[in-house]
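Asker: Fold the stuff below for me.
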Amino acid sequence: MASKTPPLFPGYREIPQRLNIAGECIDKQIETGFGDRVAFVHDGGAITCAALARDVDALARGMAGLGIARGMPVLIRLRNSPEFVTAFLALVKLGALPVLQNSLLGPEEVAYVLEHSEAQAAVTFDEIAGPLRDLRDRLPLGLIVARGDGTEDGEHRYEALMERADSAPLAAADTGADEPAFIVYTSGTTGRPKGIVHAHRWIVAQGDMNRLRIPPQPGEVALATGEWSFISALGHNVLFALRNGMAGAILEERASPENVLAAIERFRVTLVYSVATVYRRILAIEGVEGRCDLSSLRGCNATGEALEAATYGEWVRRFGCPIWEHYGVSEMQLVFGQNPHWPVRPGSVGKALPGTTVAVLDDGYNPLPPGEVGHLLIAADNPGFFLGYHRDPAKTAEVVHDGWYHTGDLAWADEDGYIWIAGRSDDCFKSRGIFISPVEVENALRGHPAVAEACVVPKPDAEIGNRIRAVLVLRDGNAASDALAEDIRNALKGRIAPYKVPQIVEFAAALPKSAVGKVLRRALAG
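Answerer: Just a heads-up that it's a prediction; the model follows:
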């Protein structure tokens, strides 16, 4: 999957041919005398760069003792935590490949990612280790378990690996800038998660772009409310913060409005990265601006779903703080973005950022004038772009060809180059800012003995963007009822991630279909 490092762009420093993300993010902090700088703050206190470096080196040595080596995929199933940071950087430092997947994924989803990624080991918390414990025979180098009292056969205690290992400085693997660094699994239109492979050069291209978009200020503290298995949160809360001299605030609990507000107050957060749903839910709390001290905030960021002008205006009015909307894809991260340099246009995702070329084209690949909706394409020559989909060259070629990455989004540009997203050109949609694959949910629904056919579509919702609506045809002998709908929903909870379970379940005698038998999904949407 290696590819030539693309040309440099104004605003980027030179990307060296030899580069390691861990060396770039943490070792350089030590080498340049910033070991005492706070790298992360969490409920347990502050972690300096020097302390983090010692932990990373100790864990890397412990992992190497298990046989984990350069080029080897290792699954990370951890919530946002100091352990996540340490494990990710330790693996990258060895030249191994962290494989990121949402910690809420169900057993079947975990099994698929484990098999498809060819992971040789995994790292997890004891309380969420169940799906991986059931798959230990597929992990040749075993399961590393953190925050547990003991370990079962075939397991290694995370803390013991660090205690036994030498914590002396460890040199990062001599990896190339184009060499695979980590894999992010995200749902796709086929219903199966895609493994997106990123190179070490990503940290320079995207790290510089983020620094140019919102230049860090002294004492900056960044908080992303999403799980770090999502590349946006991983970048903004962990890797860019480390590399660009900021502290990252760690939110280990779920991103409820109360937890987010408490974290902002407790850690004096200056920059928040979240989704529109979180901002709407905070605004729904009556008098919240008088009960919570958010005076540390200088800017908020929204991505993953559209942020309407009304929410933006109310947030600014009540908190005196802008929300800069931005747009990214898991195959790169940041592409467009509102920022402090340009006037905010509520509802737009901003303009193309330095080093990025974009186009809005019609079906014949002809450029469209301002105001006309077309296919959104991104030039694939940015050094922050992915190497390809793991074990899926056909899918890679489907979305990257003729020098362009095809986002699958429809968009339009105004006269000043601001981009406005019109929607998806395929059937997938977002709920709470997270991508939902209808096919994946439909496959799970059809696993219920009462379900013959299933179609999943979005139901627009003012708070979370879209609710997930399932329309089902039952097998003979089953009668539609509220009790059956609830039973079907409950049956999904052990099979797929909770955020993918439909909030609405309806029954129909038949699904609308085309002449060739294809379900007419759009006839049910809305």
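
Asker: residue ranges of the strands in the stretch 51-200 of the chain, please?
Answerer: For the stretch 51-200 of the chain, applying DSSP state E, counting those that start in this stretch gives strands covering 73-77, 97-100, 121-125, 143-146, 155-157, 180-187, 193-199.

Asker: Adding mean pLDDT, mean neighbour count and distance to Ala444, write those out as CSV.
Answerer: Backbone N, C-alpha and C define where each C-beta goes, glycine included. Output for the strands of the stretch 51-200 of the chain, formatted as CSV (pLDDT from 0 to 100; neighbours: other Cβ atoms under 10 Å; distance: least, Cβ to Cβ, whole Å):
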stretch, mean pLDDT, mean neighbour count, distance to Ala444
strand 73-77, 99, 25, 20
strand 97-100, 99, 26, 22
strand 121-125, 98, 26, 23
strand 143-146, 98, 25, 25
strand 155-157, 95, 20, 29
strand 180-187, 93, 24, 12
strand 193-199, 96, 24, 13
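
Asker: Using PDB, write down the CA coordinates of stretch 217-235.
Answerer: Provided in PDB are the C-alpha atoms of stretch 217-235 (Å, rounded to 0.1, in the frame of the first residue of the first chain):
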ATOM      1  CA  GLN A 217      -2.100  29.600  22.300                       C
ATOM      2  CA  PRO A 218      -0.200  29.200  25.600                       C
ATOM      3  CA  GLY A 219      -2.000  27.000  28.100                       C
ATOM      4  CA  GLU A 220      -4.300  25.500  25.400                       C
ATOM      5  CA  VAL A 221      -6.400  22.500  26.600                       C
ATOM      6  CA  ALA A 222      -8.200  20.500  23.900                       C
ATOM      7  CA  LEU A 223     -11.200  18.200  24.500                       C
ATOM      8  CA  ALA A 224     -12.800  15.900  22.000                       C
ATOM      9  CA  THR A 225     -16.100  14.300  23.100                       C
ATOM     10  CA  GLY A 226     -15.900  11.400  20.700                       C
ATOM     11  CA  GLU A 227     -14.100   8.100  21.200                       C
ATOM     12  CA  TRP A 228     -10.500   8.100  20.100                       C
ATOM     13  CA  SER A 229     -11.200   5.100  17.800                       C
ATOM     14  CA  PHE A 230     -12.600   7.900  15.500                       C
ATOM     15  CA  ILE A 231      -9.800   9.600  13.600                       C
ATOM     16  CA  SER A 232     -11.200  13.100  14.300                       C
ATOM     17  CA  ALA A 233     -11.100  12.700  18.100                       C
ATOM     18  CA  LEU A 234      -7.700  10.800  17.900                       C
ATOM     19  CA  GLY A 235      -6.200  13.700  16.100                       C
END
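
Asker: Please identify the buried residues of that stretch?
Answerer: Buried residues in stretch 217-235, counted by 16 or more other Cβ atoms under 10 Å: 220-235.

Asker: what does the average pLDDT come to for it?
Answerer: Averaging pLDDT along stretch 217-235 yields 97.

Asker: how far out from the middle of the chain is that stretch?
Answerer: On the basis of Cα atoms, centre = their mean, to the nearest Å, stretch 217-235 sits 10 Å off its chain's mean C-alpha point.

Asker: before we move on, what about stretch 114-124?
Answerer: 18 Å.

Asker: Throw the strands of the stretch 51-200 of the chain into a markdown table and include distance to Arg136, thanks.
Answerer: Below are the strands of the stretch 51-200 of the chain laid out as a markdown table (distance: least, Cβ to Cβ, whole Å):
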| stretch | distance to Arg136 |
| --- | --- |
| strand 73-77 | 12 |
| strand 97-100 | 16 |
| strand 121-125 | 9 |
| strand 143-146 | 6 |
| strand 155-157 | 7 |
| strand 180-187 | 20 |
| strand 193-199 | 21 |
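
Asker: nearest to Ala171, of the ones you listed?
Answerer: With respect to Ala171, and counting by Cβ to Cβ, the nearest of the strands of the stretch 51-200 of the chain is strand 180-187 at 16.6 Å.

Asker: Partner strands of the closest one and their direction?
Answerer: strand 97-100 (parallel), strand 193-199 (antiparallel) (DSSP bridges).

Asker: Which of these sits closest to Gly355?
Answerer: strand 193-199 (15.2 Å).

Asker: Report the distance from the closest one to the chain centre.
Answerer: Worked out by Cα atoms, centre = their mean, strand 193-199 lies 11 Å from the chain centre.

Asker: coming back round to it: out of the strands of the stretch 51-200 of the chain, nearest to Asp36?
Answerer: strand 143-146 (26.3 Å).

Asker: List the contacts of the closest one.
Answerer: 63, 66, 78, 83, 87, 121-126, 129, 132-133, 136, 151, 154-159, 161 (Cβ atoms under 8 Å, 6 or more residues apart in numbering).

Asker: For it, C-alpha coordinates in PDB please.
Answerer: The C-alpha trace of strand 143-146 is given here as PDB (Å, rounded to 0.1, in the frame of the first residue of the first chain):
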ATOM      1  CA  LEU A 143      -4.700 -10.500  25.100                       C
ATOM      2  CA  ILE A 144      -3.300  -7.600  27.100                       C
ATOM      3  CA  VAL A 145      -5.800  -6.700  29.900                       C
ATOM      4  CA  ALA A 146      -5.700  -3.400  31.800                       C
END
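
Asker: what sits against the residue nearest to Leu78 when sequence neighbours are not counted?
Answerer: Leaving aside its sequence neighbours, Leu78 sits nearest to Phe84 (Cβ to Cβ, 6 or more residues apart in numbering; 4.4 Å). Residues counted as contacts of Phe84 (Cβ under 8 Å, 6+ apart) are Ile76, Leu78, Trp228, Val238.
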